[in-house]
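> Kindly return the folded structure for what I paste below:
(one chain, ligands or ions: 2)
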Amino acid sequence: MAAIEILGLTKTYQVGFWRKRPKCALQPLRLQVEEGEIFGFLGPNGAGKTTTLKMLMGLVYPSAGSARILGCEINDPRMKAQIGFLPEQPYFYDYLTAAELLEYYGQLSGVDAKERKRRVSEVLDRVGLPNVSGMQLRKFSKGMLQRVGVAQAILHNPRVLFFDEPMSGLDPIGRREVRDLMEELKRAGKTVFFSTHILSDAEALCDRVAIIHQGELRGVGAVADLTSSVQGKVEVVWRGNTVLPSVKTLALDSSVTGDTVRAVVLEASQDALIDTLRRERLHIVSVTPLRTSLEEYFVQKLRPAEAAAGVRS
Ligand SMILES: Nc1ncnc2c1ncn2[C@@H]1O[C@H](COP(=O)(O)OP(=O)(O)O)[C@@H](O)[C@H]1O
Ligand SMILES: [Mg+2]
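Numbers count the residues shown, from 1 in each chain. Ligands and ions are numbered 1, 2, ... in the order given. Alright, predicted model coming up:
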């Protein structure tokens, strides 16, 4: 069964004070996320990521379309107990302690009273806040509050997790910890759907990603497939301090750094180049097909007009 099925969800906000006019935040979106996947929902600011997540959470009413989570409609209370949500800017009561807050959320999501205390300290440990359960939240840094938000989302051991920009406000170590946590959730068989505009986090973590821009889905696929669209070019690196003229004629691009030479050739010229280097008894360090990075793919998808016209960087 698919964990999340988005069936044409659409959102148009009415903006303006006196004279309302429609603003399309999300064009009909169709997307399916399988159980056990880490799925990245990527897009620049204003793309429509939060709007999509809010509709899935039932916080905003869709203008059209529907969605199912674990086979249930989005307003089905049986399903709500199976999902966890980290909002983009979680806001908590200043004068509660982390433990009190989580205790409260545990009650709301029906965690058994006897279980609750143990679960609260377990998740605080898990998100890297083991010694602050008695501290009031007003004393927490932005990064610490983000961790409390993550703790709140996983407290009731849900099957599907929705995180809106989970790495925002975290330092590199904090980001790494959230990434590790997501991987751990995946190993435990959970489904994770998260939005981000930080591509490196998505590249390292996701089974599949979708890219949206201006409310429109621009691409979806496995990170490996999107980034392995080899451009038919190969990078060859060898020991040396000059680019031989015979190599220059084969190479699309070449450079010398210290005692290393790097050249990019078309796949078709790869054997000829390697033969030349062998004849010259030069030591070959590496031969690597060039891949499109997720960033390049992303930038291409954000510039559809130029991409369609065949303009490539
Ligand atoms: N409550 C709202 N009323 C009017 N416009 C909104 C509202 N929420 C979001 N928008 C607009 O919808 C678009 C998508 O916003 P959002 O979903 O927050 O994007 P993202 O999370 O990808 O940054 C933006 O242009 C934003 O200004
Ligand atoms: Mg957002």
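
> burial measure for the residue lying closest to residue 269 once chain neighbours are set aside, as a count.
Spatial nearest neighbour of residue 269, chain neighbours left out: residue 250 (4.8 Å); criterion: C-beta to C-beta, 6 or more residues apart in numbering. Using the backbone N, CA and C atoms, a C-beta is placed for each residue, glycine as well. The burial count assigned to residue 250 is 18, neighbours taken as other C-beta atoms under 10 Å.

> go on, residue 81?
14.

> Quick one: residues contacting it.
Residue 81 is in contact with 109, 110, 156, 158, counting by C-beta atoms under 8 Å, 6 or more residues apart in numbering.

> and these as TSV, adding neighbour count and pLDDT?
Rendered in TSV, the data for these read as follows (neighbours: other C-beta atoms under 10 Å; pLDDT from 0 to 100):
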residue	neighbour count	pLDDT
109	16	84
110	9	85
156	21	94
158	21	95
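
> Greatest separation within those residues: which pair is it?
Of all pairs drawn from those, the widest gap by C-beta to C-beta lies between 110 and 158 and measures 11.4 Å.

> Measure how buried residue 244 is and give me the count.
17.

> how about it, what does it touch?
Contacts of residue 244 by C-beta under 8 Å, 6+ apart are 276, 280.

> Run the chain-centre distance for the strand or helix carrying residue 151.
In the assignment (DSSP states H and E), residue 151 maps to helix 142-154. Remark: helix 142-154 is offset 17 Å from the chain centroid, using C-alpha atoms, centre = their mean, to the nearest Å.

> now swap in stretch 153-172 and tell me
Averaging C-alpha coordinates over stretch 153-172 and over its chain gives two centres that are 11 Å apart (C-alpha atoms, centre = their mean).

> Can you mark which positions in it are buried?
Residues of stretch 153-172 classed as buried by neighbour count (16 or more other C-beta atoms under 10 Å): 153-170.

> that older thread, just the CA trace of the helix holding residue 151, in PDB.
Taking only C-alpha atoms (Å, rounded to 0.1, in the frame of the first residue of the first chain), the coordinates of helix 142-154 have been written out as PDB:
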ATOM      1  CA  LYS A 142      16.200  27.800  18.100                       C
ATOM      2  CA  GLY A 143      18.000  24.500  17.400                       C
ATOM      3  CA  MET A 144      16.900  23.100  20.700                       C
ATOM      4  CA  LEU A 145      13.300  24.000  20.000                       C
ATOM      5  CA  GLN A 146      13.500  22.300  16.600                       C
ATOM      6  CA  ARG A 147      14.600  19.200  18.400                       C
ATOM      7  CA  VAL A 148      11.700  19.400  20.800                       C
ATOM      8  CA  GLY A 149       9.500  19.700  17.700                       C
ATOM      9  CA  VAL A 150      11.100  16.500  16.300                       C
ATOM     10  CA  ALA A 151      10.600  14.700  19.700                       C
ATOM     11  CA  GLN A 152       6.900  15.700  19.600                       C
ATOM     12  CA  ALA A 153       6.500  14.300  16.100                       C
ATOM     13  CA  ILE A 154       8.000  10.900  17.000                       C
END
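
> For the following helix or strand past that helix, which strands pair with it and how are they oriented?
Stepping forward along the backbone from helix 142-154, the first helix or strand reached (DSSP H and E) is strand 160-164. According to DSSP bridges, strand 160-164 forms sheet pairs with strand 83-86 (parallel), strand 191-196 (parallel).

> The shortest one near ligand 1 at all?
Spelled out, it's strand 83-86. No - when contact is scored as C-beta under 6 Å from any ligand atom, no part of strand 83-86 falls within range of ligand 1; the minimum is 13.4 Å.

> downstream neighbour of that strand in the secondary structure list?
Going down the chain from strand 83-86, the next helix or strand is helix 98-108, by DSSP H and E.

> contacts for that following helix?
Applying C-beta under 8 Å, 6+ apart, the set of residues contacting helix 98-108 from outside is 92-93, 96, 116-117, 119-121, 123-124, 129, 132-135, 137, 140, 148, 151-152, 155-156.

> Contacts only, for residue 69.
Contact criterion C-beta under 8 Å, 6+ apart gives 3, 4, 5, 56, 79, 82, 83, 160 as the residues in contact with residue 69.

> Filter the residues you listed down to just the ones in strands.
When these are checked against strands using DSSP state E, the ones located there are 3, 4, 5, 83, 160.

> does the first one really touch residue 33, like I thought?
What that stands for is residue 3. Yes - in terms of C-beta atoms under 8 Å, residue 3 counts as a neighbour of residue 33; the distance is 5.3 Å.

> Nothing else from me, thank you.
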